[in-house]
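A.B. asks: below are the sequence and a predicted model; questions follow.
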Amino acid sequence: MDVKQLLQSITPDIYQRLVRAVEVGRWPDGRTLSAEQRETCLQAIIAYDQQKPAEQRTGYVPPKPTPCADSAPSEEPISWKH
């Protein structure tokens, strides 16, 4: 199974289980994650997350509007006075 097939086989439930396992350091049955398993889970979580739209990804922070973005642009050219 290649990576693409593996990612397609991850369901939202499996994704949540991987996230929870990384958070607590244990599998749902109580066994401890090894360092290698933790790294593999993190890679799978990141790869799965990248398939979602940006606003649905873990850690997404919407851009803040800038004060200038709300006002209409000035039609007058800027002139510099010495």
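C.D. replies: Sure thing, it's come through.
A.B. asks: the longest helix along the chain - contacts with which helices or strands?
C.D. replies: In the chain, assigned by DSSP state H, the helix with the most residues is helix 35-49. On a contact count with 3 or more CB pairs under 8 Å, 6 or more residues apart in numbering; DSSP states H and E, helix 35-49 meets helix 3-9, helix 12-24. Placement of C-beta: from N, CA and C, glycine included.
A.B. asks: ok, and what's touching the first one?
C.D. replies: It refers to helix 3-9. 1, 44, 47, 48, 51 (CB atoms under 8 Å, 6 or more residues apart in numbering).
A.B. asks: next, the distance between the ends of stretch 38-57.
C.D. replies: Start-to-end span of stretch 38-57 (CA to CA, to the nearest Å) is 20 Å.
A.B. asks: hang on, I meant stretch 38-58
C.D. replies: 17 Å.
A.B. asks: mind checking how far it is from the chain centre?
C.D. replies: How far stretch 38-58 lies from its chain's middle: 6 Å, per CA atoms, centre = their mean, to the nearest Å.
A.B. asks: mean confidence for that stretch?
C.D. replies: Mean per-residue pLDDT for stretch 38-58: 88.
A.B. asks: ok, back up a step: most tightly packed of the helices and strands packed on helix 35-49?
C.D. replies: helix 12-24 (a mean of 14; mean count of other CB atoms under 10 Å).
A.B. asks: rewinding a little: most neighbours of all the contacts of helix 3-9, which one?
C.D. replies: Using other CB atoms under 10 Å as the neighbour criterion, residue 48 leads the contacts of helix 3-9 with 21 neighbours.
A.B. asks: ok so, going back, among the helices and strands packed on helix 35-49, which is nearest residue 39?
C.D. replies: helix 12-24 (9.6 Å; CB to CB).
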